[in-house]
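1. For reference, the sequence and a predicted model appear below.
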Amino acid sequence: MAGIGFELRKLLRRDSLLGLLQAYTYAGLISSGPWVLSILGILLVGILSLGIVIPNILVTQFQVSVTYLIATSLVFTGPIQLAFTRFCADRLFEKHNDWILPNYRALALLLTLGAGLFALALLSLGFHQTSLIYRLLMLCGFVLMCNIWLAALFLSSMKQYKSILVMFAIGYGLTVGLALLLRHDKLEGLLGGFVIGHFALLLGMVLLIEEHFPSPEFLRYDFLRRSQIFPALIAIGLFYNLGLWIDKFIFWWSSATSIPIIGWLRASPIYDMPVFLAYLSIIPGMAVFLVKMETDFVDFYDDFYDAVRHGGSLEEIEELRDGMVFTVRQGIFQILKVQLITVLIMLVNARTLLTWLGISKLYLPLLFVNLVSAGLQVVFLGILNVFFYLDHRAIVLRLTLWFCLSNAALTWLSLYLGPSYFGYGYALAMLSSVCWGFYLLDRRLEHLEYETFMTRPSR
């Protein structure tokens, strides 16, 4: 995410209220824009299709199908996300820019084959009651989503954040337009619009990648070399993405909290809508996270390690360490403060919001818990970000593994205890992960000089 800092600094140098507002708006759009566009696009298709796509259950089947495509593709590509980002960063540092595109193509080829076989196996086993067109569209949709996450990741490593946002806006605009145009073909028409729109999104991303990284070679498999494989990053990507979705999967697959929708796919109306509304509340916190971490913290971080590499005095190094520690604490405090304000605003207006959306007020307790959980998620992300800067992959691995396992165990426990405890599994898992993260971060920052000079991070 370091490239965002350059843009934010330009805006903050204006030293004006307008510049500050522009910086936070830019950070919010970059951090949350793509997934907000995707969620709103899917909801808009559903809302505008009600009463036209008959029966209405077909609209629900479309939305649930797309939700599963997004969730499973994120978990499926989780193991390669951070590992390939590290590979690209290392090649850029070594000035081997011409290696990047051939390796991206090779990884995309392997990902397409793996995703296709995985989706084909699932669709052939549990969707016999659905049409062949539906199964083919789901297969194409899953492969496209996996490749879109890879391409978006690749563009992020190239610091093309604005391009990602523009591509998602165009892609989901096209998705909504085509889905509405084809909605008279019912479920297959809505899903066909989704697939075509995402194909256009992926095509735009790939063309941008090809333009920025020309190479005389077509395919290279350097990322498969043992020296280029980082097992910790592979595991972190899997546990983090699985941890974010595992409570949803559990609610979807519990017969007490879900209903069958289509094929093997189930949905949990009692859990899904409050979670969706809660996730919208993290946009301000994500904006603060980027502004504070990618400007103030990065400045002290760069100065600290420059002083270490170039023989700075111990007094200078300690002073820079103290500045880095202060910015970390201030940044996390700012995130907590902004998220608390956002949660309070949402709580005050929760009844009105649920009434406007036509949702029962019985969802209020679960919404309250999910709002707190979403705020803690932003704080957790901030903690992980600092550990990544310090290259403490082993710590990040322990934190994400704990988050994943505790979320699964506590969510199962909440189902056993009954509806009054729904949502507390995810909240307690996130709270315990944040508290442990704070403890480990405080210890590492306290001994930063010693660890910098006397230890060497493991792969």
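-> Structure's in. What do you need?
2. what comes up buried for stretch 140-157?
-> Within stretch 140-157, the residues that qualify as buried by neighbour count (16 or more other CB atoms under 10 Å) are 140-157. Quick note: C-beta positions are derived from backbone N, CA and C, even for glycine.
3. same check, this time on stretch 321-334
-> Per 16+ other CB under 10 Å, stretch 321-334 contains these buried residues: Arg321, Gly323, Met324, Val325, Thr327, Val328, Gly331, Ile332, Gln334.
4. Throw those residues into a markdown table and include distance to Ser227, pLDDT and secondary structure, thanks.
-> Compiled in a markdown table, the buried residues of stretch 321-334 are given as follows (distance: CB to CB, whole Å; pLDDT from 0 to 100; DSSP: H, G, I helix; E, B strand; the rest coil):
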| residue | distance to Ser227 | pLDDT | secondary structure |
| --- | --- | --- | --- |
| Arg321 | 31 | 79 | helix |
| Gly323 | 35 | 80 | helix |
| Met324 | 30 | 80 | helix |
| Val325 | 34 | 81 | helix |
| Thr327 | 34 | 81 | helix |
| Val328 | 32 | 81 | helix |
| Gly331 | 34 | 78 | helix |
| Ile332 | 35 | 81 | helix |
| Gln334 | 39 | 80 | helix |
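5. okay, the residues you listed in TSV with distance to Ile395 next?
-> Putting the buried residues of stretch 321-334 into TSV (distance: CB to CB, whole Å) gives the following:
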residue	distance to Ile395
Arg321	18
Gly323	22
Met324	17
Val325	16
Thr327	19
Val328	14
Gly331	18
Ile332	16
Gln334	23
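6. Tell me the one of the residues you listed nearest Leu242?
-> Nearest to Leu242 among the buried residues of stretch 321-334 is Ile332, at 24.8 Å by CB to CB.
7. where along the stretch 51-200 of the chain do the helices fall?
-> Taking DSSP state H, counting those that start in this stretch as the criterion, the stretch 51-200 of the chain contains helices spanning 57-93, 100-126, 132-157, 161-181, 186-212.
8. Identify each buried residue in the helix or strand following the last one, please.
-> In the C-terminal direction, the helix or strand that comes right after helix 186-212 (DSSP states H and E) is helix 231-253. By neighbour count, and taking 16+ other CB under 10 Å as the criterion, the buried residues in helix 231-253 are 232-252.
9. can you count the residues close to Leu362?
-> For Leu362, the tally of surrounding residues (other CB atoms under 10 Å) stands at 10.
10. Low-confidence ranges, the stretch 201-350 of the chain, go.
-> Within the stretch 201-350 of the chain, the stretches with pLDDT under 70 are 292, 294-295.
11. how about the chain, which residue sits the furthest from its center?
-> Distance to the chain centre peaks in the chain at Ser313, reaching 40.3 Å (criterion: CA atoms, centre = their mean).
12. Glu319 versus that one, what's the distance?
-> Distance of Ser313 to Glu319, given as CB to CB, to the nearest Å: 9 Å.
13. Repeat that for Leu410.
-> 42 Å.
14. the more surrounded of those two?
-> It is Leu410, of Leu410 and Glu319, that has more neighbours when counted by other CB under 10 Å, with 20 against 16.
15. Test my guess that the more buried one contacts Ala429.
-> Yes: at 5.3 Å, Leu410 counts as touching Ala429 under the criterion of CB atoms under 8 Å.
16. Pull up the overlap in contacts between these two.
-> Contact criterion CB atoms under 8 Å, 6 or more residues apart in numbering; no residue bridges Leu410 and Ala429 by contacting each.
17. quick one: contacts for Ile262?
-> Counting by CB under 8 Å, 6+ apart, Ile262 touches Gln61, Val64, Ser65, Phe127, Thr130.
18. how does it look with 7 Å?
-> Contacts for Ile262 (CB atoms under 7 Å, 6 or more residues apart in numbering) come out as Gln61, Val64, Ser65, Thr130.
19. Can you give me the distance of Cys343 to Phe368?
-> Just so we're on the same page, residue 343 is Val rather than Cys. 8 Å.
20. Show me what counts as buried in stretch 212-226.
-> Phe213, Ser215, Arg220, Asp222, Phe223.
21. quick one, what contacts the fourth one?
-> By CB under 7 Å, 6+ apart, the contact list for Asp222 reads Trp99, Asn103, Gln228.
22. Please tell me which one of these counts the most neighbours.
-> Of all the contacts of Asp222, the highest neighbour tally under other CB under 10 Å goes to Asn103, namely 25 neighbours.
23. Around Leu132, how many other residues sit close by?
-> The number of residues near Leu132, taken as other CB under 10 Å, comes to 9.
24. From Leu202, how far out is it?
-> With distances defined as CB to CB, the gap from Leu132 to Leu202 amounts to 23 Å.
25. Same question for Leu415.
-> Looking at Leu415 against Leu202, where the rule is CB to CB, the gap reads 37 Å.
26. Among these two, which residue is more densely surrounded?
-> Ranked by neighbour count (other CB under 10 Å), Leu415 and Leu202 place Leu202 first, with 22 against 18.
27. Show the contacting residues for the more buried one.
-> Contacts here follow CB under 7 Å, 6+ apart; on that basis Leu202 touches Leu144, Asn147, Ile148, Ala151.
28. quick check, nearest of those residues to Phe93?
-> Distances from the contacts of Leu202 to Phe93 were compared by CB to CB; the smallest belongs to Ala151, at 21.7 Å.
29. and that closest one, what is it in contact with?
-> Listed by CB under 7 Å, 6+ apart, the contact set of Ala151 reads Leu202, Met205, Val206, Ile209.
30. need those in TSV with distance to Phe87, can you?
-> Shown next, in TSV, are the contacts of Ala151 (distance: CB to CB, whole Å):
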residue	distance to Phe87
Leu202	21
Met205	18
Val206	18
Ile209	15
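31. Narrow the residues you listed to those that are buried.
-> Buried subset of the contacts of Ala151 (neighbour count, 16+ other CB under 10 Å): Leu202, Met205, Val206, Ile209.
32. which ones are touching the third one?
-> When contacts are counted by CB under 7 Å, 6+ apart, Val206 is found next to Ala151.
33. Quick check: closest non-adjacent residue to Tyr104.
-> Phe154 (5.7 Å; CB to CB, 6 or more residues apart in numbering).
34. err, Val325, not the other one
-> Taking CB to CB, 6+ apart, and ignoring the residues beside it in sequence, Val325 has Leu445 as its nearest neighbour in space, at 4.8 Å.
35. Report the rounded mean pLDDT for the strand or helix carrying that neighbour.
-> For Leu445, the host element (DSSP H and E) is helix 424-446. pLDDT averaged over helix 424-446 equals 91, rounded to a whole number.
36. I'd like the distance between Phe403 and Leu113.
-> 31 Å.
37. Those two - which one has more neighbours?
-> Between Phe403 and Leu113, counted using other CB under 10 Å, Phe403 has the larger neighbour count: 27 against 11.
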